[in-house]
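Enquirer: 3D model of this:
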Amino acid sequence: MPKRFSLGKNERLKSRKLIEQLFSEGKSFVIAPYRVYYFIGSKEFDTQNSTSPIHFGVGVSGKNFKKAVDRNKIKRLTREAYRLQKNELKETVKMNQFLRLFFIYTAKELPAFSHVKEKVQTGLNKLIKLIDESNSSNS
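Expert: Numbering: from 1, shown residues only. This is a model prediction of the structure:
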């Protein structure tokens, strides 16, 4: 079966309630120029009952980028980099788990796609290690 490289509506983190829960209860780490927030939970406590085990969101500060065009470009580049590299992360998340993930771009200059792709890959690799560690400690 071929791998799907899509980022559908059911995989996006859009609910204000879920985003607030992610920032208040979740953990974070920094892979410059991104701050990555994540929340790993058990499906039995998932209030959304979504079909997708992973929800992804991205944000850019209006303070650093006054023009919406620039903020939207960074968000598009980040979503594209994530979309192309998320399959390894999907394989790591167990069937009885869910993952909420949010990337915040913190630098003050517009990035090139190659730089964004490299940093998103680094962030996803670190996240995969963290998920593996939590799975081995729970088992």
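Enquirer: quick one: the helices in the chain?
Expert: 16-25, 68-85, 87-92, 113-138 (DSSP state H).
Enquirer: hey, which of those is tucked in deepest?
Expert: Each of these was scored by mean neighbour count; the highest is helix 68-85, a mean of 17, by mean count of other C-beta atoms under 10 Å. Backbone N, C-alpha and C define where each C-beta goes, glycine included.
Enquirer: how about the contacts made by the residue nearest the centre of the chain?
Expert: In the chain, the residue lying closest to the centroid (C-alpha atoms, centre = their mean) is residue 101, at 3.4 Å. Neighbour list for residue 101: 13, 36-38, 54-57, 127 [criterion: C-beta atoms under 8 Å, 6 or more residues apart in numbering].
Enquirer: hmm, try it at 6 Å
Expert: Residues in contact with residue 101 (C-beta atoms under 6 Å, 6 or more residues apart in numbering) are 38, 56.
Enquirer: next one, pLDDT for it please.
Expert: What the model reports for residue 101 is a pLDDT of 95.
Enquirer: and it, bridged to which residues?
Expert: residue 38, residue 56 (DSSP bridges).
Enquirer: roughly how far does it sit from residue 110?
Expert: Remark: distance between residue 101 and residue 110 (C-beta to C-beta, to the nearest Å) = 23 Å.
Enquirer: residue 17 too?
Expert: 32 Å.
Enquirer: also residue 67?
Expert: Distance from residue 67 to residue 110, by C-beta to C-beta: 10 Å.
Enquirer: neighbour count for those two, which is higher?
Expert: residue 110 (12 against 9; other C-beta atoms under 10 Å).
Enquirer: so how far is residue 119 from the more buried one?
Expert: 14 Å.
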